[in-house]
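Undergrad: what follows is a predicted protein model with its sequence.
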Amino acid sequence: MTVYAPPGQPGSLISYRDRYDHWIGGEFVAPASGRYFENPSPVTGRTFTEVGRGDADDIERALDAAHGASRAWGRTTATERAVILNKIADRMEQNLEMLAAAEAWENGKPVRETLAFDIPLAIDHFRYFAGAIRAQEGSISEIDGDTIAYHFHEPLGVVAQIIPWNFPILMATWKLAPALAAGNAVVLKPAEQTPASILLLMELIADLLPAGVVNVVNGFGVEAGKPLASSPRVRKVAFTGETTTGRLIMQYASQNIIPVTLELGGKSPNIFFEDVVREKDGFYDKALEGFAMFALNQGEVCTCPSRALIQESIYDEFLEAVKLRTESMRQGDPLDTETQVGAQASNDQLEKILSYLDIGRAEGARVVTGGHRAELSGDLSGGYYVTPTIFEGKNSMRVFQEEIFGPVVAVTSFSDYEDAISIANDTLYGLGAGVWSREAAIQYRAGRDIEAGRVWTNCYHAYPAAAAFGGYKGSGVGRENHKMMLDHYQQTKNLLVSY
Ligand code: NAD
């Protein structure tokens with residue numbers, strides 16, 4: 001067991017600046033307005049740094065820097081860019097513990113996850129896209145005896161990236177790695193709740209990238225995000241966040257006729273068929289862990305399995321087992337490697353979740369376990385903690401239909417296969433889903449019948465770089481990860497040559 005020291009305490013690996021400006025042209029640049037906002041740690045609720053409050057003027061300065069760097073960067077070879085991406089990955093790996101502890105401090109997530117999952121996965125994305133860009137090929141078509149069509153991949157130019165607060169470094173990496181591999185320059189706006197760990201990363205890799213290739217403007221959605229997403233100087237907007245914000249991003253981008261990638265919300269079903277309990281073996285244990293995934297990252301995951309569908313014939317028995325499993329989760333200091341459930345990322349998010357606990361009760365959902373704020377002691381008493389909660393009710397209830405984004409799962413029963421699929425698909429969203437069955441026919445059919453971009457079968461919450469990720473329906477447009485992502489950051493140049 002290790003407990004990482006908070007910033008400012010002896011032996012702490014976490015060293016945030018007292019104040020962060022924007023990262024523009026390879027250096028910190030103060031906001032044009034001179035205004036800053038406070039950034040509290042969810043672990044204690046106390047402010048640990050302040051951050052420059054960006055606006056349209058700052059976005060213009062960042063776009064100037066990106067346009068200044070874009071042409072030379074776009075003309076580097078794939079191999080040159082791959083070498084740089086691999087160096088970024090190496091640098092992050094050398095600083096894994098520091099990045100993991102810093103991310104846990106700013107976001108409230110358990111350091112055991114940032115050590116084992118967030119940061120290693122971020123590193124792997126840089127390596128994956130370094131490999132993918134080197135392996136990418138153009139094509140040649142012989143039109144007739146004298147005419148040849150050559151097809152080249154070219155970068156888009158300067159792209160905008162806007163990300164949320166639930167996986168700050170990982171979300172930045174999912175967007176930066178393919179965009180840079182493809183030869184684009186970037187202006188990125190982090191979420192206002194979690195800008196600092198991304199700025200820490202910028203400083204860490206500053207000497208590896210040409211100045212201006214990546215620029216970070218901090219600030220709020222309408223003040224900084226909107227001028228970035230609406231700018232006629234960007235060639236694409238890649239956005240991750242709420243479905244309501246995604247609609248606005250699409251409107252802004254439509255004015256400039258540019259493509260968008262939208263990774264939006266979810267209300268993912270996790271379906272447990274009756275054969276799960278046939279034996280109390282390793283498969284059964286794995287299914288219990290699959291259910292418990294609703295509390296991973298305190299439920300602040302777009303693919304959170306926030307609806308659990310359990311077959312009627314095993315309902316009481318399985319619900320009792322998952323209740324016990326949920327009550328065994330260790331909640332506490334995010335900087336302690338034994339902690340499994342940490343703090344919600346912000347006070348606003350804490351209050352939103354608590355309001356949904358009231359909404360659930362008011363609409364008649366039964367609280368099976370949890371259902372309240374977790375009161376922790378000492379320095380943690382001001383932090384934003386919620387007890388992992390199971391609701392039981394009907395799929396028409398708001399707690400089954402609306403994204404809560406907390407450690408809250410809504411459970412209901414189904415009679416047979418068709419009923420399960422009908423409930424699973426009865427949602428605005430279509431991001432993720434889980435299927436738990438020992439029967440190959442059920443696994444395959446359910447995987448195809450569920451309307452979601454990612455269906456985990458007998459597993460959950462794995463995000464390998466080589467697997468395409470994205471939403472059906474209200475969960476988004478486009479895909480991330482997988483080498484197909486390169487297509488989203490490139491355009492095709494055709495040379496038609498008559499010899
Ligand atoms: P959000 O939409 O409130 O904010 C996301 C980002 O958009 C922030 O940087 C914010 O400042 C910015 N923004 C807000 N309004 C804007 C506007 N009008 N113009 C431009 N930018 C604007 O989302 P959030 O609360 O930060 O994140 C949680 C949401 O993200 C959840 O819905 C979750 O499901 C979703 N999410 C999706 C994925 C995915 O891959 N599908 C991954 C992680 C999170």
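TA: Cool, got the structure. Numbers count the residues shown, from 1 in each chain.

Undergrad: what is the helix or strand Leu248 falls within packed up against?
TA: For Leu248, the host element (DSSP states H and E) is helix 243-255. On a contact count with 3 or more Cβ pairs under 8 Å, 6 or more residues apart in numbering; DSSP states H and E, helix 243-255 meets helix 226-230, strand 237-240, strand 260-263, strand 476-477. For every residue, glycine as well, the C-beta is placed using N, CA and C.

Undergrad: one more time with 7 Å, if that's ok
TA: Judged by 3 or more Cβ pairs under 7 Å, 6 or more residues apart in numbering; DSSP states H and E, the packing partners of helix 243-255 are helix 226-230, strand 237-240, strand 260-263.

Undergrad: for Glu103, what are phi and psi?
TA: phi -70, psi -40 (degrees, to the nearest 10).

Undergrad: hey, which of the helices and strands packed on helix 243-255 is tucked in deepest?
TA: Of all those, strand 237-240 carries the top mean neighbour count, a mean of 26, counting by mean count of other Cβ atoms under 10 Å.

Undergrad: strand partners (parallel or antiparallel) of it?
TA: strand 158-162 (parallel), strand 260-263 (parallel) (DSSP bridges).

Undergrad: out of those, nearest to the ligand?
TA: strand 260-263 (3.1 Å; Cβ to the nearest ligand atom).

Undergrad: can you pull out the helices in the stretch 1-150 of the chain?
TA: Under the criterion DSSP state H, counting those that start in this stretch, the stretch 1-150 of the chain contains helices at 56-74, 78-94, 96-107, 111-113, 119-135.

Undergrad: in the longest one, what's buried?
TA: Meaning helix 56-74. Neighbour counts over helix 56-74 (16 or more other Cβ atoms under 10 Å) mark 56, 58-63, 65-70, 73-74 as buried.

Undergrad: go on, stretch 377-396?
TA: Neighbour-count burial for stretch 377-396 [16+ other Cβ under 10 Å]: 380, 383-393, 395.

Undergrad: stretch 335-355 too?
TA: 335-337, 339-346, 349-350, 353-354.

Undergrad: between those residues, which is closest to the ligand?
TA: Nearest to the ligand among the buried residues of stretch 335-355, counting by Cβ to the nearest ligand atom, is Gln349 at 7.6 Å.

Undergrad: and whichever strand or helix holds that closest one, what does it pack onto?
TA: Gln349 is located in helix 347-362, with elements delineated by DSSP H and E. Secondary-structure packing of helix 347-362 (3+ Cβ pairs under 7 Å, 6+ apart): helix 398-401.

Undergrad: and the next helix or strand past the helix it packs on?
TA: Following helix 398-401 toward the C-terminus (DSSP H and E): strand 408-414.

Undergrad: about what we covered before: now the element after the helix holding Gln349, going C-ward?
TA: Assigned by DSSP H and E, the successor of helix 347-362 is strand 366-369.

Undergrad: surely Arg61 meets Glu27?
TA: No - between Arg61 and Glu27 there is no contact under Cβ atoms under 7 Å: 11.6 Å.

Undergrad: need the overlap of contacts for those two.
TA: Common neighbours of Arg61 and Glu27 are not found (criterion: Cβ atoms under 7 Å, 6 or more residues apart in numbering).

Undergrad: tally of neighbours for Leu209?
TA: 22 (other Cβ atoms under 10 Å).

Undergrad: swap that for Met397, please
TA: If you count neighbours by other Cβ under 10 Å, Met397 ends up with 17.

Undergrad: and the closest residue to Pro195 other than its chain neighbours, how many neighbours does it have?
TA: The shortest distance from Pro195 to any non-neighbouring residue, by Cβ to Cβ, 6 or more residues apart in numbering, is to Asn218 (4.5 Å). Asn218 has 27 neighbours, counted by other Cβ under 10 Å.

Undergrad: would you list every one of the strands in the stretch 301-450 of the chain?
TA: If you assign secondary structure with DSSP state E, counting those that start in this stretch, the strands in the stretch 301-450 of the chain sit at 307-311, 366-369, 389-392, 408-414, 429-430, 432-436.

Undergrad: okay, those, which one's buried deepest?
TA: Among those, judged by mean count of other Cβ under 10 Å, the one packed with the most neighbours on average is strand 432-436 (a mean of 29).

Undergrad: quick revisit: turn the buried residues of stretch 377-396 into CSV, columns for pLDDT.
TA: Formatted as CSV, the buried residues of stretch 377-396 follow (pLDDT from 0 to 100):
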residue, pLDDT
Leu380, 97
Gly383, 98
Tyr384, 98
Tyr385, 98
Val386, 98
Thr387, 98
Pro388, 98
Thr389, 98
Ile390, 98
Phe391, 98
Glu392, 98
Gly393, 98
Asn395, 98
